[in-house]
Each structure stands twice: as C-alpha cells, then as structure tokens.
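Peer 1: Got a predicted structure plus its sequence, pasted below:
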Amino acid sequence: MRAAVLTESHTFDVVDVPDPTPGDGELLLRVRACGICGTDLKSYTRFGAGSILGHEFCGEITAIGPHVDGRWHEGQLVAAMPLSSCGLCRWCLGGEPSHCERVDMFGLGGTPGAFAEYIRVSAVTSVPLEPSIGDLGALIEPLAVGLHTVMEGELRPGDRVLVIGGGNVGAAVTTWARRLGSAEVVVSDPSVSRRDGAGRFGATDVHDPADGPPPSGFDVVFECVGAPGMVQAAIDAVSARGRVVIAGVCVEPDRIIPITAVMKEVQLRFAVCYRPEEFRAAAVLVGSGEIDARAFVTRAVGLNGVNEAFERLLSSTVDRKIFVTPRA
C-alpha cells in the first residue's frame, strides 16, 4: 500500500509499505479520510523516520480478523478509536483504555496511523457509520476530544464559559458546551478568521487577545491552545470556585502564579483523549445532522499533499481541519 512516511528531515515521502493484516479481534479499513491534528503539528518532529502519522480517521472494512462478531461486514463505513489496550486492567475495565499501561496509540510514532491507504483497528473500539456520513466520519475523533474536555469541566446548565483558542479543539469544545446548556460561550483567539467563524460552532461572543485579557468571572474556562502563559490566563479568567480544564498540548515548560488559583479555590484539571462512550456519542452527533460538520473542514489533500498541508497549517490560521484522503 501507499503511505506518507516521515523522513529523517521530518518531511513526508509517499512510498510503498507492506499491507497490514487484521489480527485477532481486528478489522482492516481502507482509509477514506484522516484529519491532520494539532498534536501532529506539534509532535511530528519528535517522531522517528519511518513513522506513519494520522489518528483521526474513518474507512471501509476490507477484511475481518478472527474472533470478530457478526455485526461487521466488508464495505461497512467505520470510525475507530486509534488505540489498542489490554482490556483487563482497572483502566480498561473502567472504560478509560487510553490510560492502560499497555496502551498502543496509533499514528503517534508507534503503530502506523492513517496517512496510508489501509489501517488495522480493534473491532471493540470501532463504531459503524451510515454511508451518508462519508469523509466526515474522520471528525468523530476530534469531536470526542471536545466532549471529553467539556465533561471534565462538569458543565452545568446556565454556566458562563470561556474557550481560550478557537482552533479545532476549541471549536469542538464550543459545540458541546452549547449543546450541554451553557448560557454563554465566549471564544478568545487572535485570529480574525477563527473569531469570525466561532458563531458557526455555537459561540455567543468572541474576544481578541490584542484588546487585553479576556473578561473574568467565568464558571468554566477551557484552555485549548497549548502554549506557555495560557494556564495562567485561564486561572485569571475563571470565577471563585470555578473550573479550569487544560486540553491544549503544551510541549514547553510553563509557569503559573499559584496564589491566584489558591485564593479563588480553583479546580484545575487536564483532559486527554476520551472514553468509548464519548467516542460513540460523537458518532451519533455527526450522524444526526444537527451540527454543521463541514464547518470544521477547510480542504482535502491526497497523500502527495501532506507536506503542503503541514506547511499551510503551521504558517497560517486561515485553514481549519485539512483531511488527508489517501485514494485521491
């Protein structure tokens, strides 16, 4: 099969690699679409040559491994959690396989991801999709991230919410915050295009950081940027006894002033990945047609366009999600 493979110079070459084979309890998918994630953009230079990225994907079943139940069939459109786990530890049994000590995350430097024509996935963590969903099935993973982030904020109907960062994670968080009853959702982002588009995801107002710090007194603040200084900004903006949830992936040291959080008795949490039921809920939302799913996607490229797509996303905030469609 063809795949966009990371090189020593941290670019992508489209080469032929061996086809994956589904093992016990696994499905083989022909990748239909795979989103480029902010985590990919921040981490790809840390992965070794030969890595195949891509963890936001959907595809059609082309082969079924042993010991897979009969609800699956070839040609079926599927989205799958990009991981495998032991299934027996306290984390797996508690519905949090991403914390399994033996978890294998796909497309993050280890097991090959979906910047390729085919990917093998676990049937247990897969969700069947209606064919009409098409490429938009690749949005289920980032929407699940958004739902998990909002759930960690213990959102209550009528809460005032600030979302710091209007990118794809911020848009997913905004979508769920409004659906779960927030009275006000303000999105703070320096990008004009992101502020202008925030209303499509449910934002009630926007804030430009160039005008100064965001207003304060929010019940919940979600940090979706992942840059130094953002944790403190979230603490400053939240109300007394408010909740701050950090979903931004910051790979640099960051400093905060703890006394601010202490005096407010702020609840500070961090969110990563999602639970299987959150992944399934995201699939239901995409399939329902109740959101403008295409608002999340700017364009699609083939495997040969991965380098250009990374350059665009790293140099500009005009694009939102760019899909990689291996068969293009």
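Peer 2: Arrived safely. Numbers count the residues shown, from 1 in each chain.
Peer 1: okay, now residue 301: neighbour count?
Peer 2: 19 (other Cβ atoms under 10 Å). Yep, even glycine has a C-beta here, placed from its N, CA and C like the rest.
Peer 1: Does it touch residue 308 like I think?
Peer 2: Yes - the criterion here is Cβ atoms under 8 Å, and residue 301 meets it with residue 308 at 6.8 Å.
Peer 1: Can you tell me the SS state at the closest residue to residue 135 other than its chain neighbours?
Peer 2: Leaving aside its sequence neighbours, residue 135 sits nearest to residue 33 (Cβ to Cβ, 6 or more residues apart in numbering; 3.8 Å). Using DSSP: H, G, I helix; E, B strand; the rest coil, the secondary structure recorded for residue 33 is strand.
Peer 1: what about residue 33, distance to residue 210?
Peer 2: Separation of residue 33 from residue 210 (Cβ to Cβ, to the nearest Å): 35 Å.
Peer 1: of those two, who's got more company?
Peer 2: More crowded of residue 33 and residue 210, by other Cβ under 10 Å: residue 33, with 25 against 6.
Peer 1: need the contact list for that one.
Peer 2: 57-58, 134-138, 300, 323-325 (Cβ atoms under 8 Å, 6 or more residues apart in numbering).
Peer 1: What distance do you get for residue 40 to residue 51?
Peer 2: Distance from residue 40 to residue 51, counting by Cβ to Cβ: 11 Å.
Peer 1: Report how many residues lie close to residue 294.
Peer 2: 12.
Peer 1: Report pLDDT for the residue nearest to residue 111 when sequence neighbours are not counted.
Peer 2: In space, and not counting its chain neighbours, residue 111 is closest to residue 104: 5.3 Å by Cβ to Cβ, 6+ apart. For residue 104, the model assigns a pLDDT of 91.
Peer 1: these two touch, right, residue 104 and residue 120?
Peer 2: No - in this structure residue 104 lies outside contact range of residue 120 using Cβ under 8 Å: 11.2 Å.
Peer 1: Report the beta-bridge partner residues of the residue nearest to residue 111.
Peer 2: residue 84 (DSSP bridges).
Peer 1: Which residues are in contact with it?
Peer 2: By Cβ under 8 Å, 6+ apart, the contact list for residue 104 reads 83-85, 110-111.
Peer 1: Return the member of the residues you listed nearest to residue 203.
Peer 2: residue 83 (30.8 Å; Cβ to Cβ).
Peer 1: shouldn't that closest one be in contact with residue 96?
Peer 2: No - Residue 83 is not in contact with residue 96 according to Cβ under 8 Å; the separation is 11.1 Å.
Peer 1: domains of the chain?
Peer 2: If you go by automatic domain parsing, the domain ranges for the chain are 2-129+292-324, 145-270.
Peer 1: number of nearby residues for residue 66?
Peer 2: 9.
Peer 1: Check residue 24 too.
Peer 2: 10.
Peer 1: Now it: which helix or strand?
Peer 2: Using DSSP states H and E, residue 24 falls within no helix or strand.
Peer 1: Tell me how far stretch 39-47 lies from the chain's centre.
Peer 2: A distance of 14 Å separates the centroid of the chain from that of stretch 39-47, by Cα atoms, centre = their mean, to the nearest Å.
Peer 1: Which residues in that stretch does the neighbour count mark as buried?
Peer 2: By neighbour count on 16 or more other Cβ atoms under 10 Å, the buried set for stretch 39-47 is 39-40, 42, 44, 47.
Peer 1: What is the nearest of these to residue 219?
Peer 2: residue 39 (27.6 Å).
Peer 1: quick one: secondary structure of the residue of the chain most remote from its centre?
Peer 2: Distance to the chain centre peaks in the chain at residue 263, reaching 32.9 Å (criterion: Cα atoms, centre = their mean). Three-state call for residue 263 (three-state DSSP): helix.
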